[in-house]
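J.: Provided below are the primary sequence and the corresponding predicted coordinates.
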Amino acid sequence: MSEFGFLSILPPVLAIFLAIRTKQVFVSLLFGIWLGWMIIGWQPLDGNVLGIFSNLFQGTLDTIQALVDVFKDSGNTRTILFSALVGAWIIFIQRSGGVEGFIHRISHFLERYEKKKAGNNRIIVQLLAWVTGVLIFVESNISVLTVGALYRPVFDKLKIPREKLAYIADSSSAPASILIPFNAWGAFIMSLLLAQGFENPFGTLFRAVAYNFYPMLALLIVLIVILTKKDFGPMAKAERRAKEEGKLLADDAQPMVADELTGVETKEGVTPKARNMILPTVIMVLLMPVMLSYTGWEAALENRSDSGFWGKFFYAIGQGSGSTAVLTSVIFSLLFSMASYRIQGIMRSKEMVDLTLKGMAGMMPLALLMVMAFAIGAVCKALGTGVYVAEVSKAWLSPSLVPFIVFLVSCFIAFSTGTSWGTFAIMIAIAVPMAQSMDANVHLAIAAALGGGVFGDHCSPISDTTILSSMAAASDHIDHVKTQFPYALIAGGITAVLYLIIGFLG
């Protein structure tokens, strides 16, 4: 049990509440981080007024140090660098005419096969974005980025709100990654199952996937919304705004990507070619499994020495470094773009350097937000937020309620901490032995822990995937959270009811 008790949940919960209430994400997160370190470092006052100022001063110093310490973790640093370099990647493919060429290709496709019916065109483009997000299941961040970069210009042309693109990207990436676990997600979960004594974690995970209702429903609801055109809640308001007023963003929106990135036009005199966008994207996506395998190959040689090449390859993917893979992939994609554009005579070296710096500058708000998200995650870990919530929930459990309560607790932990993987680590360690000792369905309990982690992650404004979805779609972050929440809540509500029914039916 966390030594801070109920206080351990205050920093993330208040930060999330303030972010949604005020739309000042940076200030809200900073307050949450500061409050967390105030709680950790608080010393008894004994009536000494100077003690109050001493505590306040020390808490502020600890907050500053926590922001600096984010960069001590190489994975955090690589992710932040990746976020910044994505800006350069976005500006390159626009300036080269790749985006304009891609729009022309899509437009010709729609005109040819849809007889210029705008309503149907909107459906087809959204379906293409959904399919793309599902197919790139190898890494959720790359999936989100690819969907945003490829389809944002087309969505803009068809007057589909940015919030809708962020929703499609977000709700197709993580669900696909966890349902098709031939990636780092699957490897991480299998390592947790292995730690719980499962001799065949791969088989255990696949049996649990059959009960992982939330990601299935999340993917299905996106399809239903696209095909029926029946939006509701804040998303319906966003759709009306885009259709009737032509506004892709709300009047008070603060898009996660600076205007200088989304408003870049094709360089004068350059013929727009779709391949100048598609080839760099394909290289980035294909390099992901290659780099995951490369970084995990040593582990594969040690633990799968008797396997063939493909056996080692897939095992290595699971053991590889996701942050290294995404950073390396975007760097190589940038280098390929530079070489290709130079050969075509589109850009010279000085212009490429200038565009790279301009693109990175445009992503600074995102990079800063990532720093704060990592920092509040660190203070939650120091407070024992996830452990406290999980331990308290034990008192409520009975065999029939195990999957239902595990799902709800996982939802709350992921929502409060902004991390699905951290939730998996906490809840699987609790759900598995509990289900075993209470003779409940272990696979159902595992699925509930995994689905709850993804649901909470979808709803949390401090989740890195949610942040990246806002960035990829150039949407206001809080508007993305608000418009996605009703759809996620429906999928989560149905999932909770299913776990309750199945739990009682045994």
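T.: Everything's here; your move.
J.: how about the helices in the stretch 1-150 of the chain?
T.: With helices called from DSSP state H, counting those that start in this stretch, the stretch 1-150 of the chain shows them at 10-22, 25-41, 49-69, 74-95, 98-114, 118-135, 140-157.
J.: nearest to Val209, of these?
T.: Closest to Val209 of those is helix 118-135 (C-beta to C-beta; 14.8 Å). Quick note: C-beta positions are derived from backbone N, CA and C, even for glycine.
J.: For the stretch 301-450 of the chain, which residues score under the pLDDT cut-off?
T.: Scanning the stretch 301-450 of the chain for pLDDT under 70 picks out 318, 322, 366, 386, 389-390, 393-398, 429, 437.
J.: where exactly do the helices run in the stretch 251-400 of the chain?
T.: In the stretch 251-400 of the chain, the helices defined using DSSP H, counting those that start in this stretch lie at 259-262, 275-303, 309-319, 322-343, 349-362, 364-383, 385-393.
J.: In three-state terms, label Leu408 for me.
T.: helix (DSSP: H, G, I helix; E, B strand; the rest coil).
J.: Run a quick check on it versus Ala449, I expect a contact.
T.: No. In this structure Leu408 lies outside contact range of Ala449 using C-beta atoms under 8 Å: 10.8 Å.
J.: any chance of the helices of the stretch 251-400 of the chain in CSV, with mean neighbour count and distance to Pro175 too?
T.: Shown next, in CSV, are the helices of the stretch 251-400 of the chain (neighbours: other C-beta atoms under 10 Å; distance: least, C-beta to C-beta, whole Å):
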stretch, mean neighbour count, distance to Pro175
helix 259-262, 16, 27
helix 275-303, 19, 18
helix 309-319, 18, 19
helix 322-343, 20, 17
helix 349-362, 16, 29
helix 364-383, 22, 21
helix 385-393, 21, 22
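J.: mind putting these in a markdown table, distance to Gly32 included?
T.: Shown next, in a markdown table, are the helices of the stretch 251-400 of the chain (distance: least, C-beta to C-beta, whole Å):
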| stretch | distance to Gly32 |
| --- | --- |
| helix 259-262 | 28 |
| helix 275-303 | 32 |
| helix 309-319 | 33 |
| helix 322-343 | 24 |
| helix 349-362 | 26 |
| helix 364-383 | 5 |
| helix 385-393 | 11 |
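J.: So for Leu500, which of those sits nearest?
T.: Of those, nearest to Leu500 by C-beta to C-beta is helix 385-393, at 15.1 Å.
J.: quick one: average confidence on stretch 62-70?
T.: Average pLDDT, stretch 62-70: 90.
J.: Show me the contact partners of it.
T.: Under the contact criterion C-beta atoms under 8 Å, 6 or more residues apart in numbering, stretch 62-70 has outside partners 30, 33-34, 37, 40-41, 76-77, 80, 371-372, 374-375, 378-379.
J.: next one: stretch 487-495
T.: 167, 171, 213-214, 217-218, 220-222, 225, 235, 407, 411, 451, 455, 458-459.
J.: Pull out the buried members of the residues you listed.
T.: Buried residues within the contacts of stretch 487-495, counting neighbours by 16 or more other C-beta atoms under 10 Å: 167, 171, 213-214, 217-218, 221-222, 225, 235, 407, 411, 451, 455, 458-459.
J.: These: which two are farthest apart?
T.: Most distant of these, by C-beta to C-beta, are Met235 and Phe407, 24.4 Å apart.
J.: Leu408 and Ala449: which has the busier surroundings?
T.: Set Leu408 next to Ala449 and count neighbours by other C-beta atoms under 10 Å: Ala449 wins out with 32 against 21.
J.: Pretty sure Phe424 is one of the things the more buried one touches, is it not?
T.: Yes. Contact criterion C-beta under 8 Å: Ala449 and Phe424 qualify, at 6.5 Å.
J.: now the end-to-end length of stretch 302-321.
T.: 17 Å (C-alpha to C-alpha, to the nearest Å).
J.: Work out the gap between that stretch and the centre of the chain.
T.: Per C-alpha atoms, centre = their mean, to the nearest Å, the displacement of stretch 302-321 from the mean C-alpha position of its chain is 26 Å.
J.: and if you look at stretch 18-35?
T.: 19 Å.
J.: same check, this time on stretch 355-373
T.: Counting by C-alpha atoms, centre = their mean, stretch 355-373 is centred 17 Å from the centre of its parent chain.
J.: Could you do stretch 5-20 as well?
T.: That offset, for stretch 5-20, works out to 20 Å (C-alpha atoms, centre = their mean).
J.: likewise stretch 21-38?
T.: 20 Å.
J.: Which residues outside it are in contact with it?
T.: For stretch 21-38, the surrounding residues in contact (C-beta under 8 Å, 6+ apart) are 10-12, 14-16, 18-19, 55-56, 59-60, 62-63, 66-67, 252, 254, 368-369, 372-373, 375-376, 379-380, 382-383, 461-462, 476-478.
J.: So which bits of that stretch are buried?
T.: For stretch 21-38, burial by neighbour count (16+ other C-beta under 10 Å) applies to 23, 25, 28-38.
J.: got JSON lines for those, with distance to Trp185 and pLDDT too?
T.: Putting those into JSON lines (distance: C-beta to C-beta, whole Å; pLDDT from 0 to 100) gives the following:
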{"residue": "Lys23", "distance to Trp185": "31", "pLDDT": "61"}
{"residue": "Val25", "distance to Trp185": "26", "pLDDT": "67"}
{"residue": "Ser28", "distance to Trp185": "29", "pLDDT": "80"}
{"residue": "Leu29", "distance to Trp185": "25", "pLDDT": "78"}
{"residue": "Leu30", "distance to Trp185": "30", "pLDDT": "87"}
{"residue": "Phe31", "distance to Trp185": "32", "pLDDT": "89"}
{"residue": "Gly32", "distance to Trp185": "27", "pLDDT": "86"}
{"residue": "Ile33", "distance to Trp185": "27", "pLDDT": "89"}
{"residue": "Trp34", "distance to Trp185": "32", "pLDDT": "92"}
{"residue": "Leu35", "distance to Trp185": "31", "pLDDT": "91"}
{"residue": "Gly36", "distance to Trp185": "28", "pLDDT": "90"}
{"residue": "Trp37", "distance to Trp185": "31", "pLDDT": "91"}
{"residue": "Met38", "distance to Trp185": "35", "pLDDT": "90"}
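J.: Tell me the one of those residues nearest Asp231?
T.: Among the buried residues of stretch 21-38, and counting by C-beta to C-beta, the member closest to Asp231 is Lys23, at 21.4 Å.
J.: Which elements pack onto whichever strand or helix holds Ala447?
T.: Per DSSP states H and E, Ala447 falls inside helix 442-459. Judged by 3 or more C-beta pairs under 8 Å, 6 or more residues apart in numbering; DSSP states H and E, helix 442-459 is in contact with helix 162-179, helix 201-209, helix 213-228, helix 402-417, helix 420-437, helix 464-473, helix 477-505.
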